[in-house]
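S.K.: Sequence unavailable; structure follows:
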C-alpha cells in the first residue's frame, strides 16, 4: 500500500500527470509486487517563488 | 507536542474543518495525555487533478 | 479518502497509538462524512535529538 | 527537478528499491521531459505499528 | 544534499523568501559542511483556514 | 509560527544539529519577523539505501 508524493515546479499538464499516474502505478506494482488498486499518488506543484536552490529563488535563477 | 497533517480531496467547508480541529485536539490530548495548547493541525487540500489511485487521476475515476 | 500524519516525540505505546487510530478514524469519518475504510493514519516518531524549538534541541530543553 | 517520496510498509529489499529508483527515474524523465540527473527519490518505511487503516493499526489487521 | 521545507502562514513577500533562501543556504552550508549548490528549499504557505492550534482554526483565533 | 523540516543523509552529529537549530531559528526569526519561541525544527535523516538520484541509490553512487 505505497503512497507516492511528487513535488515539482508547476507547469505539467493534466494529461502528463494522468500518464505518469498510469506508468508509476505499473512500475511500482511490478517491482514491489503490490496490488495496483492500493497505490496512491499525490502531486504537489510548487510555484517558482516557493522553491529555491543554490541560495536563490527559482524565479530569479536563469535556467 | 504533536503535529497533525490531514491530506484530503478539496471540498470540505471551513466549518467542517473547524469542528474537526476541535474534535481531533480533544481526542489526541486525551489519548496521548498532552496539553491541547501544543497540538498543531494542518489541512492540505488536493484537487482531483493532483491525486490518483488505481492507475488513474481522481478526476477521471467514477466514484 | 483522508490521509493523516501524526508527528510526535517518541515514547507513545502501541496501545496508545491503537486507541488513537480508532478514535481519529471515528471523528474524521463523522465530521467529513467519509467511509472509515478509506481513512489512512501514519505515525512519525521523532527522537529528542531530531526536534528543536526556541532555538534549542528538545534533548537540551528542560520541560 | 521532481522530488519523489515513497511511503510504504517496511520489508522491501535494497535490491527492490534499487530497481524502483531506476524505473521511476526513467518513467518520470520521459513523461515530464526532465533530465534524469535532477530526479530525487526518497523511501520512507513504516513499521506495522506506525500505520493504520479502517480504524486499526496494521499490526492488528489480518491481511 | 539537504532538502528544507518551510511551512508557514501565508503572507510573507517574495523578497522575504528570497532573503531567507540566501541566509538558510549559508547557515546550512557552513554548519553541515555541504556545497551550497545542493541545498534545496521549499516554501509551503498555509491559509488561516487550513491551520489550527489550541483546538481552533487560526482564522478564528485572536492573536 | 514556521515549521521547518530538514531532510538529509544521516551522519550529522547532535552537536551540528544543535548549532543548526540555533542559527536557523535566528535567521528565520529575523527575516520573517516572528518570535523565536514559535519556530519548530525537525530533522529527518535518510540512510543511503533510502535515497536515490540519477536513477541509482545513494549507497551505490560514488560521490
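M.R.: Alright, I've got the coordinates. Just so it is clear, the structure is predicted and the values come from calculations on it, not from any experiment.
S.K.: Tell me the buried residues in the one helix or strand residue A:15 maps to?
M.R.: Under the criterion of DSSP states H and E, residue A:15 resides in helix A:14-32. Using 16 or more other C-beta atoms under 10 Å in any protein chain shown as the test for burial, helix A:14-32 gives A:17-25, A:27-29, A:31-32. (Each C-beta comes from the backbone N, C-alpha and C, glycine too.)
S.K.: Quick one: distance of stretch A:47-63 to the chain centre.
M.R.: 18 Å (C-alpha atoms, centre = their mean, to the nearest Å).
S.K.: That stretch close to chain B?
M.R.: No. On the criterion C-beta under 8 Å from any C-beta of the partner chain, stretch A:47-63 is out of touch with chain B, staying 14.1 Å away.
S.K.: can you pull the pLDDT of the residue nearest to residue A:60 when sequence neighbours are not counted?
M.R.: Distance criterion C-beta to C-beta, 6 or more residues apart in numbering or on different chains; nearest residue to residue A:60, sequence neighbours excluded, is residue E:18 at 6.7 Å. We note a pLDDT of 97 for residue E:18 in this prediction.
S.K.: which ones are touching the residue in chain A that chain F sits nearest to?
M.R.: Across chain A, the shortest distance to chain F (C-beta to the nearest C-beta) belongs to residue A:7, at 11.5 Å. Shown in contact with residue A:7 (C-beta atoms under 8 Å, 6 or more residues apart in numbering or on different chains): A:44, A:45, A:46, D:2, D:3, D:4, D:5, E:42.
S.K.: what's the most distant pair in those?
M.R.: A:45 and D:5 (14.9 Å; C-beta to C-beta).
S.K.: re the thing from before, what packs against the helix holding residue A:15?
M.R.: Packed against helix A:14-32 by the contact rule (3 or more C-beta pairs under 8 Å, 6 or more residues apart in numbering or on different chains; DSSP states H and E) you find strand A:3-9, strand A:40-46, strand B:51-53, strand B:56-57, helix D:14-32.
S.K.: what sits up against it?
M.R.: Helix A:14-32 is contacted by residues A:2, A:4, A:6, A:34-36, A:39, A:41, A:43, B:49-50, B:52, B:54-57, B:59-60, D:6, D:8, D:12, D:16, D:19-20, D:23-24, D:27-28, D:30-32 when judged by C-beta under 8 Å, 6+ apart.
S.K.: tell me the angle it makes with strand D:3-9.
M.R.: 40 degrees (axes from the mean of the first three to the mean of the last three C-alpha atoms, to 10 degrees).
S.K.: could you give the angle of helix A:14-32 to strand A:40-46?
M.R.: 130 degrees.
S.K.: Make sure residue A:59 is actually in contact with residue A:50.
M.R.: No. In this structure, residue A:59 is not within contact of residue A:50 by C-beta atoms under 8 Å, at 9.0 Å.
S.K.: More neighbours: those two, which one.
M.R.: residue A:50 (20 against 14; other C-beta atoms under 10 Å in any protein chain shown).
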